[in-house]
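In: Take this sequence and fold it.
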Amino acid sequence: MVVIVGSLLPGESPVMSAVAKLPVSDKVLHFTAYLVLATLAAWAQRGWRASIWFAAGLALLGAGLELAQYFVPGRSPEVADELANVLGVCCGLVAGRCRPAD
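Out: Residues are numbered from 1 along each chain as shown. Below is the predicted model:
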C-alpha cells in the first residue's frame with residue numbers, strides 16, 4: 001500500500017518534498033521497495049513457480065504505477081524507475097527463495 005500511495009502522490013506533496021531531500025537516489029528507493037516486496041512474496045510461497053508469478057505481478061504493478069504517474073501532477077513516468085523496480089524484484093526473488101533450509 002505504501003508503494004502504491006507513494007507512487008501516486010503529487011510531486012509537490014509534503015511527502016514527496018521530504019523524499020526529494022533524502023541523500024539517496026530515487027532509483028535506490030525504487031530498488032529497495034521492490035526488493036522488500038519481492039522478498040516477502042517469495043518467503044510466503046512454497047515453490048519457485050508461485051514466487052515467479054508474484055514477481056511478475058510486482059514488475060507489472062511497478063510498470064502500471066509508472067504509467068499512471070503520467071496523470072499525476074508533478075510526476076512523470078521514467079523507464080529507469082521501472083528498471084530499478086524490476087532489478088529489485090529479481091534480487092528479492094532470489095533473496096527470498098535462496099535461503100538456508102529450516
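
In: tell me the contacts of the residue most central in space within the chain?
Out: The residue lying closest to the centre of the chain (Cα atoms, centre = their mean) is residue 34, at 3.1 Å. Residue 34 is in contact with 3, 58, 62, 84-89, 92, counting by Cβ atoms under 8 Å, 6 or more residues apart in numbering. In this view, the C-beta of every residue, glycine as well, is placed from N, C-alpha and C.

In: check which helix or strand covers it.
Out: helix 26-44 (DSSP states H and E).

In: Tally up the residues packed near residue 65, please.
Out: 20 (other Cβ atoms under 10 Å).

In: contacts for the helix ranked longest in the chain?
Out: For the chain, the helix with the greatest residue count under DSSP state H is helix 48-68. The contact list for helix 48-68 (Cβ under 8 Å, 6+ apart) reads 3-4, 7-8, 30, 34, 37-38, 41-42, 44-45, 77-78, 81-82, 85-86, 89-90, 92-93, 96-97.

In: And the buried ones among those residues, selectable in PyMOL?
Out: Buried members of the contacts of helix 48-68, defined by 16 or more other Cβ atoms under 10 Å, are picked up in PyMOL with:
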select buried, resi 3+7+30+34+37+38+41+42+45+81+82+85+86+89+92+93+96+97
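
In: The helix or strand containing residue 85 versus helix 26-44: what angle between them?
Out: Using DSSP H and E, residue 85 maps to helix 79-97. Using axes from the mean of the first three to the mean of the last three Cα atoms, to 10 degrees, one finds that helix 79-97 and helix 26-44 are set 30 degrees apart in direction.

In: Could you list every helix and strand in contact with helix 79-97?
Out: Packing contacts for helix 79-97, counted by 3 or more Cβ pairs under 8 Å, 6 or more residues apart in numbering; DSSP states H and E, involve helix 26-44, helix 48-68.

In: okay, the ones you listed, which one's buried deepest?
Out: Counting by mean count of other Cβ atoms under 10 Å, helix 26-44 has the highest mean neighbour count of those, with a mean of 19.

In: low pLDDT regions in the chain?
Out: For the chain, applying pLDDT under 70 flags the ranges 100-102.
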